[in-house]
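*Asks:* Test case, fold it:
(chains A, B, C and D)
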Number of protein chains: 4
Amino acid sequence: MGGLVNAAPAGTIEDRIRLSPFHTWLDLRVLEADASQLRLRATWREEWSNGDSRHSTHGGIVAALLDLAADWAIACAGGQTAPTLDFAVQYLRAAKPGDLVVVGRVLKLGRSVTFAEAEVLDSDGETVAVGRGTYASFTKAAG
Amino acid sequence: MGGLVNAAPAGTIEDRIRLSPFHTWLDLRVLEADASQLRLRATWREEWSNGDSRHSTHGGIVAALLDLAADWAIACAGGQTAPTLDFAVQYLRAAKPGDLVVVGRVLKLGRSVTFAEAEVLDSDGETVAVGRGTYASFTKAAG
Amino acid sequence: MGGLVNAAPAGTIEDRIRLSPFHTWLDLRVLEADASQLRLRATWREEWSNGDSRHSTHGGIVAALLDLAADWAIACAGGQTAPTLDFAVQYLRAAKPGDLVVVGRVLKLGRSVTFAEAEVLDSDGETVAVGRGTYASFTKAAG
Amino acid sequence: MGGLVNAAPAGTIEDRIRLSPFHTWLDLRVLEADASQLRLRATWREEWSNGDSRHSTHGGIVAALLDLAADWAIACAGGQTAPTLDFAVQYLRAAKPGDLVVVGRVLKLGRSVTFAEAEVLDSDGETVAVGRGTYASFTKAAG
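*Replies:* Numbering: from 1, shown residues only, chains lettered A, B, ... in the order given. A predicted model of the protein is given here:
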């Protein structure tokens, strides 16, 4: 694991992330958190299923993971989490049932607007989806 | 309510939508379903919260609603639900706690690719977010 | 034509738009400009062609028209043109050779960020492409 | 430069790219073309200017470069150029006057749909904008 944010243990950023009931429901765990990237694991649960015969994970779960990982990567890079202005997702392949890992990275940290991106990997390490968002770092509102 | 899909009761499309455990968790209900648009209501639950002081609904929930409503609007327009290739969301304002309504519409129904869009409204009828997606209607895989 | 911006003749907004050499090259003409929407015509030129056998207009031209019409619709709605933070385009069908009309509209005018959208129509009035962008209205820089 | 496409000289892919009058107008030159990426240079011209005091290059030009580089990277990776279904751009900073380099890469080459991305760099080597698109490789139509 790289240099931790503010020399604080990984648990600290995890604790902050898990203040959101949705993040707790996703059972997000911090695998790695430094200024260059944030790596989270989300624990599969049956409610993720999109109902197809393969029990693929719903694209909405994947999109949520991308957005939140990009947003919290901003916090790890020295910014603060911020409301998402917009987000674009490309779904490269279906996400089969199982835990997902999502890696967030900042593209450009700005005073007023920050661009960040993320990638979701399934339990085989295959990239399931990628996404990029624009975040309103000019405001104090929580993300 | 407009002409129902296949002259079937609204319950039928609702039943199909709720085959997905994620959709059941969102407690999706069909308010209106015809060839021109699909209107769904999702029932607020505490796990939706992003953890800010206003208990706003997490953007990931909003994105999921947009994507699934656009996808199922395709089914209502005579196509079939299909894997999302990509999706773009604009968050116009925070979604305060409460049930959300999402309206999906087809932009262009194609044999191989369909474009669709959706809009999420909060309990005051304000537009919270809009989104557009591209769907792979050339495949038989479920969405 | 609706109420003109600042009760000024359409030529005024057209003059401002045409200060950009790229806009002059596109030969943009204002067809309609009020607070609710901006309608522009761009004059076809051979350099627009993507080189296919149908001489379709290049998607890059279409994307540029969408972005600039959305941006200048902000000016018409009482804001100012502003740098585009990001933009997403859906190409519904090929744009055959000929002049194009683009209609821009504001989705939400904000002090710091404005969301706007646009649609490009070909000479048959068919929608060729749609797009949405996020604009940094917090800055004074030109778009 | 890596292994060239089909063991043909770089001029070949450049010749194909320049069949489009718009690409000739952009004066596109192939700097590098192999299966992993395509690197092009576009030659600045005054018509690119957005008309601001810094004579920044218009975002529409930048968007066009991103889209076409991603598309032609597909050709370099063994696919064929294909119509863009949709494209999303993030503008990280203004593009000052001068030639631009654009680098395209395939994210996932599919039989029916291909995802690709690109990045535009200014003459200082700074990333001006990034973009991702979805391409309809199932059709024979030119891009």
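
*Asks:* Can you check what angle separates whichever helix or strand A:Ala70 is part of from helix B:59-76?
*Replies:* In the assignment (DSSP states H and E), A:Ala70 maps to helix A:59-76. Helix A:59-76 and helix B:59-76 are oriented at 150 degrees to each other (axes from the mean of the first three to the mean of the last three CA atoms, to 10 degrees).

*Asks:* following helix A:59-76, which helix or strand comes up?
*Replies:* strand A:84-91.

*Asks:* re the thing from before, what packs against the helix holding A:Ala70?
*Replies:* Other elements packing on helix A:59-76 under the criterion 3 or more CB pairs under 8 Å, 6 or more residues apart in numbering or on different chains; DSSP states H and E are helix A:10-17, strand A:38-42, strand A:84-91, strand A:100-108, strand A:114-121, strand A:127-135, helix B:59-76, strand B:84-91. Heads up, the C-betas are built off the backbone N, CA and C, glycines and all.

*Asks:* ok, 7 Å please
*Replies:* Under the contact definition 3 or more CB pairs under 7 Å, 6 or more residues apart in numbering or on different chains; DSSP states H and E, helix A:59-76 sits against helix A:10-17, strand A:38-42, strand A:84-91, strand A:100-108, strand A:114-121, strand A:127-135, helix B:59-76.

*Asks:* can you put these in JSON lines and add distance to B:Gly104?
*Replies:* Conversion of the helices and strands packed on helix A:59-76 to JSON lines gives the following (distance: least, CB to CB, whole Å):
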{"stretch": "helix A:10-17", "distance to B:Gly104": "31"}
{"stretch": "strand A:38-42", "distance to B:Gly104": "26"}
{"stretch": "strand A:84-91", "distance to B:Gly104": "17"}
{"stretch": "strand A:100-108", "distance to B:Gly104": "25"}
{"stretch": "strand A:114-121", "distance to B:Gly104": "24"}
{"stretch": "strand A:127-135", "distance to B:Gly104": "20"}
{"stretch": "helix B:59-76", "distance to B:Gly104": "3"}
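
*Asks:* quick one: which of those has the weakest pLDDT on average?
*Replies:* Note on the helices and strands packed on helix A:59-76: lowest mean pLDDT is at helix A:10-17, with a mean of 84.

*Asks:* Show me what residue of chain A gets nearest to chain D.
*Replies:* Residue nearest to chain D within chain A (CB to the nearest CB): A:Ala88, separated by 4.0 Å.

*Asks:* residues in contact with that residue?
*Replies:* A:Gly131, A:Arg132, B:Asp86, B:Ala88, C:Ala88, D:Ala88 (CB atoms under 7 Å, 6 or more residues apart in numbering or on different chains).

*Asks:* likewise A:Val101?
*Replies:* A:Leu31, A:Arg39, A:Arg41, A:Leu121.

*Asks:* So which bits of chain A are right by chain B?
*Replies:* Residues of chain A lying near chain B by CB under 7 Å from any CB of the partner chain: A:19-22, A:25, A:46-52, A:58-61, A:63-64, A:67-68, A:83-91, A:94, A:141-143.

*Asks:* From these, list just the buried residues.
*Replies:* A:20-22, A:25, A:47-52, A:58-61, A:63-64, A:67-68, A:83-91, A:94, A:142-143 (16 or more other CB atoms under 10 Å in any protein chain shown).

*Asks:* Centroid-nearest residue for chain A?
*Replies:* Nearest residue to the geometric centre of chain A (CA atoms, centre = their mean): A:Ala69, 1.8 Å.

*Asks:* What distance do you get for the closest residue in space to A:Val89 that isn't next to it in sequence to B:Leu19?
*Replies:* Excluding the flanking residues, the one nearest A:Val89 by CB to CB, 6 or more residues apart in numbering or on different chains is A:Gly131, at 4.2 Å. A:Gly131 sits 26 Å away from B:Leu19, going by CB to CB, to the nearest Å.

*Asks:* Repeat that for A:Ala82.
*Replies:* 36 Å.

*Asks:* A:Ser49 too?
*Replies:* A:Ser49 is 9 Å from B:Leu19, by CB to CB.

*Asks:* so what pLDDT did A:Ser53 get?
*Replies:* Reported pLDDT for A:Ser53: 86.

*Asks:* which SS class is it?
*Replies:* Put simply, A:Ser53 is coil when judged by DSSP: H, G, I helix; E, B strand; the rest coil.

*Asks:* Can you report how many residues lie near it?
*Replies:* 7 (other CB atoms under 10 Å in any protein chain shown).

*Asks:* Quick one: residues contacting it.
*Replies:* A:Ser53 neighbours (CB under 7 Å, 6+ apart): none.

*Asks:* Could you do the one 10 residues further on as well?
*Replies:* Residues near A:Ala63 by CB under 7 Å, 6+ apart: A:Val89, A:Gly131, B:Gly60, B:Ala63, B:Ala64, B:Asp67, B:Phe87.

*Asks:* Take these and write them to a markdown table, including distance to D:Leu109.
*Replies:* Output for those, formatted as a markdown table (distance: CB to CB, whole Å):
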| residue | distance to D:Leu109 |
| --- | --- |
| A:Val89 | 19 |
| A:Gly131 | 20 |
| B:Gly60 | 29 |
| B:Ala63 | 27 |
| B:Ala64 | 28 |
| B:Asp67 | 24 |
| B:Phe87 | 21 |
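
*Asks:* Quick check: of those, which lies closest to D:Phe115?
*Replies:* Distance to D:Phe115, by CB to CB, is smallest for A:Val89 among those, at 10.9 Å.

*Asks:* how much space between the closest one and B:Leu66?
*Replies:* 11 Å.

*Asks:* Kindly report the same for A:Ala129.
*Replies:* 15 Å.

*Asks:* can you check A:Ile61 too?
*Replies:* 14 Å.

*Asks:* now swap in A:Leu92 and tell me
*Replies:* 20 Å.

*Asks:* Between the two, which is the more surrounded one?
*Replies:* Neighbour comparison, A:Leu92 and B:Leu66: the larger count goes to B:Leu66, with 30 against 19 (by other CB under 10 Å).

*Asks:* I figured that one was touching B:Val128, is that so?
*Replies:* No: taking contacts as CB atoms under 7 Å, B:Leu66 lies outside contact range of B:Val128: 9.6 Å.

*Asks:* Write down the beta-bridge partners of the residue of chain A closest to chain D, one by one.
*Replies:* Beta-bridge pairing for A:Ala88 (DSSP bridges): A:Arg132, B:Ala88.

*Asks:* and A:Arg111, how many neighbours does it have?
*Replies:* For A:Arg111, using other CB under 10 Å, the count is 8.

*Asks:* And it, what's its pLDDT?
*Replies:* pLDDT, A:Arg111: 87.

*Asks:* Provide a list of residues in contact with it.
*Replies:* A:Ser137.

*Asks:* How much space separates the most far-flung residue of chain A relative to its centre from A:Lys96?
*Replies:* For chain A, the residue at maximal distance from the C-alpha centroid (CA atoms, centre = their mean) is A:Ser53, at 26.7 Å. Noted for A:Ser53: a distance of 12 Å to A:Lys96, by CB to CB.

*Asks:* for A:Phe87, same thing?
*Replies:* Counting by CB to CB - A:Phe87 and A:Lys96 are separated by 23 Å.

*Asks:* Ok, A:Val102 next?
*Replies:* 16 Å.

*Asks:* Next: A:Gly51.
*Replies:* 14 Å.

*Asks:* Also A:Ser112?
*Replies:* From A:Ser112 to A:Lys96 the distance is 40 Å (CB to CB).

*Asks:* what does A:Arg16 give?
*Replies:* For A:Arg16, the distance to A:Lys96 - CB to CB - is 30 Å.

*Asks:* what do you get for A:Val89?
*Replies:* In terms of CB to CB, A:Val89 sits 18 Å off from A:Lys96.

*Asks:* For chain A, what lies in contact range of chain C?
*Replies:* Counting by CB under 7 Å from any CB, chain A sits next to chain C at A:Leu85, A:Asp86, A:Ala88, A:Ser112, A:Val113, A:Thr134, A:Ala136, A:Phe138.

*Asks:* from what I can see the residue nearest to A:Val89 touches A:Phe87, true?
*Replies:* Yes: the pair A:Gly131 and A:Phe87 passes the contact test of CB under 7 Å, sitting 5.9 Å apart.
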